[in-house]
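Chemist: Build me a model:
(2 chains)
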2 protein chains.
Amino acid sequence: MNRIKAVIYGVGAMNSIATRMLLDKDVDIVAAISRSKDKVGRDLGDLTGLGRQLGVTVTDDAKAALAASGADVAVIAVNSYMADAVEQLRICAEAGVNAVTLSEEALYPWNTSPEITAELDTIARRTGATLTGTGHQDTYWVNIVAMMMGTSHHIDHVTGHASWNVDDYGPEVASDQQVGRSVEEFEEWLRGAERPPTFGRNVLDALVADTGLTVKSIASTTRPDVAIGPMHSQALDLDVDAGQVIGFTDIDEIQTEEGPVLTFEMSGRVYGEADGDINEWEIQGEPDLVLSNGTVPTQITTCTQMVNRIPDVINAEPGFVTIEKLPRLKYRAFGLHTYLTEKGR
Amino acid sequence: MNRIKAVIYGVGAMNSIATRMLLDKDVDIVAAISRSKDKVGRDLGDLTGLGRQLGVTVTDDAKAALAASGADVAVIAVNSYMADAVEQLRICAEAGVNAVTLSEEALYPWNTSPEITAELDTIARRTGATLTGTGHQDTYWVNIVAMMMGTSHHIDHVTGHASWNVDDYGPEVASDQQVGRSVEEFEEWLRGAERPPTFGRNVLDALVADTGLTVKSIASTTRPDVAIGPMHSQALDLDVDAGQVIGFTDIDEIQTEEGPVLTFEMSGRVYGEADGDINEWEIQGEPDLVLSNGTVPTQITTCTQMVNRIPDVINAEPGFVTIEKLPRLKYRAFGLHTYLTEKGR
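Modeler: Model prediction:
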C-alpha cells in the first residue's frame, strides 16, 4: 500500500503542528504553499521548527505545486471564511486533490455560503476530489454532541458552551473583542458593529443537518463578558478593572419546527489564571444529559482532527462533504495510509 | 415506507421502558415473549405499565412467535452472559430476524465467548440477520471514548471510571457485592471466589478492536470499596459502619504491543446521597484529554440506545456485528423506519 502524499497549504502555527503529526503518521509531504514572501523559497522543516530540513521548498505558486505534486490531499490552514477559503479549495478541487481545511465556516457552509459551496461541490464531483472542513469543532462541537443526542429519546433543548482566550491571538483580536472597554462603550459599539456571521451558526447547522430537523428560526445575540476582579490582557498589555469588558459571548440559537431548540454560546475573553478552553454541553429532554471535556487543548485537537480525518476524506465520495457525514473519527495508531479503503487507495 | 415491526423478547423493567419508546418512534410491536408464568397470556401494555392494552399477548413459545411475526427486529432484554444469551440470539438468527440485545457480554463477545459468537455469526450470515449487543455501554463506554481517542495524536493510557448502585438490584446482588463485610472477610472471599468475567473486559476488547492494536496482556484485579462514614444499604436494609465494605471495584487492563494501555474501573457499591452513576474518561498522551458525563441516567440511556440503534442494525450487513463497527449513533427525531436505507427496507 502506498503512503499518502500531502501538500501543506499555508505555513503558520497550525500547519507547523500538523506537519510534525503527518510525518509521525508516515505521510510524505510533497509540496508546501505560502503567500508570505519571507517563507517562499525556504525549507518547510526550517519554517515549522522540526529541527531538520524536509527537502520541501515553500512556493507561492499553488496551482503549479498541486499539479506537479501527485498529492492525495491538501492540508489547508490559511483563513476562516468561505469567501476567502474558496480560493484554496477551488485550486485543490480543480486539480482533483482532496482537501481538509481548518477554515471554520467550511465546517458546514451550505447555509451561510450556499453558492460558493455548491460551486466547489460541483467542481469536486467532476474531478473526484473530496473537500472537508474540520478542526477542533469536528468532534467537540458537532460529532460528540450528535452522538450524545443519539442517546436521547426526546430532546427539548441542546445547549453548548465553549470559550477561547483572546490573548492567544495578538493585540488586534483583543481590541476587536472590546477588551478594556466600559459596558456602555461595548453596547454602543455593538449597535453599530458590522460583524461577520459567527461560527456557532455553522456548528448548529451541522447538528440540525445531522438530525434531519427543519429550521424554524435563527437568532444571534451578543453579551459582554465583564471582569469580576482586576485582570490583565497580555495581548494588549492592559490592566482591566472589575466591571470593564474582557471580551464577549456570541449566542446562536436555532428553533426547529419539530420542537428541539439548539443553542451554542461561544465566549472569547481574557482568561484568569484558572481559566482554560471549555467544552460543555447539556441536553434537556428524556433523559437530561451533560458532557464536559474539562480544559480542552484546542490548538492540538484542531491539528489532530485535521490529520486523523485524512483517511476518511480520501475514502469519501467526491464533493463538498461535511464532517457529520463522515465515519466516527478513529485513533490512528498506524500510518494514515493503512486506513484507506479500496476506494481510497 | 413500511413501519418497523418489533418483537419484545423478555418483559421486564428494561423492555417496559423500551416498549414505550418504540411506540413513540412509530414501531409496531407484533409479538412479546417471556418465560415467566405470571406474564404469559397477559397483554404487553398491561405488563409494561403503559396504561392501555396493545393487543399483544405475551407467549412463551419464542420460535413460533418469531416465525409468525414477520418481524424486522427482536428487542432482547433477558440475561447478561453469552452462555445464556445464545438461546434467544440463536432463535432470532435461525428465524432470520435481526436482534438488538442488552446482554452485556454481547457488546464485544469475540474474545470472551468465541465459539458461541462464531456460531451465531454463521447462522446470521446464512439467514441475513444482524445481531448486535448494545445498551448504555455502546456510546458511553465505547463509542464516545473511541471518538475522543480519535482526537489524539499519541496515546499512552486510556482510563475509564464507571459506577452502579448495588441497591438498585435487590438483596441478592448487594450480598454478592459483599456489602456489610469487613475488609478481611472481603479479602478471604475474593481469594476463593469463582467470579464470572467482568464486562469491563468486553468494553476494552471493543476499544482495542476499533483501534487495530494488538493485545499483549490482560489483567483483572478487584479492590473493596469501603465506607468512609456510616451508610445504609436499602437492598439489604443494613446499616454499614465506616471501614466496612460497601461493594467493590473491578479493574480491567489491557496492555498492547504498540504501547497504549487501556484501563476500565467499574464500581458496584452502595451510593451516598450525593452519588450517582458516573462516566469519566481520561486519555494521557498528546494531548491529555478528559471527558465526564456528570451523573448518567444509566437505565434510560440503556433503553434509548437499544431503540435508537435499531435502524443501524437493520441497515447493517448480516452477521454478529459489534457496535464499534456501526455508524455513529444519531438522534431519532422521526419514526425509526424513516432511517432505513435501501438495504434495510
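Chemist: use CA for all of it now, contacts and neighbours both
Modeler: OK.
Chemist: tally of neighbours for A:V27?
Modeler: Under the neighbour criterion other C-alpha atoms under 10 Å in any protein chain shown, A:V27 is assigned a count of 20.
Chemist: Go ahead and confirm it touches A:T338.
Modeler: No - between A:V27 and A:T338 there is no contact under C-alpha atoms under 8 Å: 10.7 Å.
Chemist: Need the three-state assignment for A:V78.
Modeler: coil (DSSP: H, G, I helix; E, B strand; the rest coil).
Chemist: for it, what are its contacts?
Modeler: A:V78 makes contact with A:9-10, A:12, A:85, A:102-103 under the criterion C-alpha atoms under 8 Å, 6 or more residues apart in numbering or on different chains.
Chemist: just A:N15 next, same as before
Modeler: For A:N15, the contacting residues are A:8-9, A:48, A:75-77, A:303, taking C-alpha under 8 Å, 6+ apart as the criterion.
Chemist: Am I right that it is in a helix?
Modeler: Yes - inclusion of A:N15 in a helix is indicated when three-state DSSP is applied.
Chemist: Break chain A down into its domains, please.
Modeler: Domains of chain A are assigned by automatic domain parsing as A:5-134+A:309-339, A:138-297.
Chemist: Centre of the chain to the last one, how far?
Modeler: Read that as domain A:138-297. For domain A:138-297, the gap between its own C-alpha mean and the chain's C-alpha mean amounts to 14 Å (C-alpha atoms, centre = their mean, to the nearest Å).
Chemist: So for the residue of the stretch 101-250 of chain A found nearest chain B, what's the pLDDT?
Modeler: Evaluated by C-alpha to the nearest C-alpha, the stretch 101-250 of chain A has A:G150 as its residue closest to chain B, separated by 3.8 Å. With respect to pLDDT, A:G150 scores 98.
Chemist: burial count for it?
Modeler: As a burial measure, A:G150 scores 24 neighbours (other C-alpha under 10 Å).
Chemist: got the contact list for it?
Modeler: For A:G150, the residues meeting the contact criterion (C-alpha under 8 Å, 6+ apart) are B:304-305, B:308, B:329-332.
Chemist: And A:G10, by the same measure?
Modeler: By C-alpha under 8 Å, 6+ apart, the contact set of A:G10 is A:32-35, A:76-78.
Chemist: Run a quick neighbour tally on the closest residue to A:L66 other than its chain neighbours.
Modeler: Leaving aside its sequence neighbours, A:L66 sits nearest to A:A95 (C-alpha to C-alpha, 6 or more residues apart in numbering or on different chains; 6.6 Å). By the criterion of other C-alpha under 10 Å, A:A95 has 21 neighbours.
Chemist: same question, the one 3 residues further on
Modeler: Other residues within reach of A:N98, judged by other C-alpha under 10 Å, total 29.
Chemist: Wait, the residue nearest to A:L66 touches A:A65, no?
Modeler: No - counting by C-alpha under 8 Å, A:A65 is not a contact partner of A:A95; they are 10.0 Å apart.
Chemist: Which members of the contacts of A:V78 are the farthest-apart pair?
Modeler: Longest distance between any two of the contacts of A:V78 is 15.4 Å, between A:G12 and A:A85; criterion C-alpha to C-alpha.
Chemist: Of these two, which one has the most company?
Modeler: Residue environment comparison for A:G12 versus A:A85 gives the larger neighbour count to A:A85, 21 against 16, counting by other C-alpha under 10 Å.
Chemist: how about the more buried one, phi and psi?
Modeler: The phi and psi values for A:A85, taken as degrees, to the nearest 10, are phi -70, psi -20.
Chemist: Next one: the residue nearest to A:L66 from A:D60, what distance?
Modeler: With the distance defined as C-alpha to C-alpha, to the nearest Å, A:A95 ends up 16 Å from A:D60.
Chemist: A:G268 in helix, strand or coil?
Modeler: strand.
Chemist: ok, the residue lying closest to it once chain neighbours are set aside - how many residues close by?
Modeler: For A:G268, the nearest residue in space outside its immediate sequence neighbours is A:W164; the separation is 4.8 Å by C-alpha to C-alpha, 6+ apart. The tally of other residues near A:W164 (other C-alpha under 10 Å) stands at 19.
Chemist: Same question for A:P196.
Modeler: Other residues near A:P196 number 7, with proximity taken as other C-alpha under 10 Å.
Chemist: The one 10 residues further on too?
Modeler: When neighbours are defined as other C-alpha under 10 Å, A:A206 has 26 of them.
Chemist: Go ahead and confirm A:W110 touches A:L120.
Modeler: No - under the criterion of C-alpha under 8 Å, A:W110 lies out of contact with A:L120, with a separation of 10.9 Å.
Chemist: which of those two has more neighbours?
Modeler: In this view A:W110 and A:L120 are compared by other C-alpha under 10 Å, and A:L120 has more residues nearby, 24 against 19.
Chemist: so what does the lowest-mean-pLDDT helix or strand in chain A touch, helix or strand wise?
Modeler: Taking all helices and strands of chain A together, the one with the lowest average confidence (mean pLDDT, DSSP states H and E) is helix A:170-176, at a mean of 90. Contact here means 3 or more C-alpha pairs under 8 Å, 6 or more residues apart in numbering or on different chains; DSSP states H and E; on that basis helix A:170-176 packs against no helix or strand.
Chemist: Now do that helix: everything it contacts.
Modeler: By C-alpha under 8 Å, 6+ apart, the surrounding residues in contact with helix A:170-176 are A:166-167, A:235-236, A:247.
Chemist: helix or strand for A:R90, which one?
Modeler: Following DSSP states H and E, the helix or strand that holds A:R90 is helix A:82-94.
Chemist: just A:R125 next, same as before
Modeler: Assigned by DSSP H and E, A:R125 falls in helix A:114-127.
Chemist: what's the angle between that helix and helix A:82-94?
Modeler: Between helix A:114-127 and helix A:82-94, the angle formed by their directions is 10 degrees, by axes from the mean of the first three to the mean of the last three C-alpha atoms, to 10 degrees.
Chemist: avg pLDDT for whichever helix or strand comes after helix A:114-127?
Modeler: Per DSSP H and E, the first helix or strand lying C-terminal to helix A:114-127 is strand A:130-133. Over the span of strand A:130-133, the pLDDT mean works out to 98.
Chemist: And strand A:130-133, how far out from the chain middle?
Modeler: 12 Å.
Chemist: Provide a list of residue ranges in the stretch 1-150 of chain A with pLDDT below threshold.
Modeler: Regions of the stretch 1-150 of chain A meeting the criterion pLDDT under 70 are absent.
Chemist: got the residues of it near chain B?
Modeler: Proximity of the stretch 1-150 of chain A to chain B, by C-alpha under 8 Å from any C-alpha of the partner chain, involves residues A:21, A:139, A:144, A:146-150.
Chemist: Throw those into CSV and include secondary structure, thanks.
Modeler: CSV is the format used below for the residues of the stretch 1-150 of chain A next to chain B (three-state DSSP):
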residue, secondary structure
A:M21, helix
A:T139, helix
A:I144, helix
A:A146, helix
A:M147, helix
A:M148, helix
A:M149, helix
A:G150, coil
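Chemist: Those, buried ones only, as a PyMOL selection?
Modeler: Only the buried entries of those go into this PyMOL selection, using 16 or more other C-alpha atoms under 10 Å in any protein chain shown:
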select buried, chain A and resi 21+139+144+146+147+148+149+150
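Chemist: From what I see, A:L131 and A:A316 are in contact.
Modeler: No - taking C-alpha under 8 Å as the contact criterion, A:L131 and A:A316 are not neighbours in contact, 9.5 Å apart.
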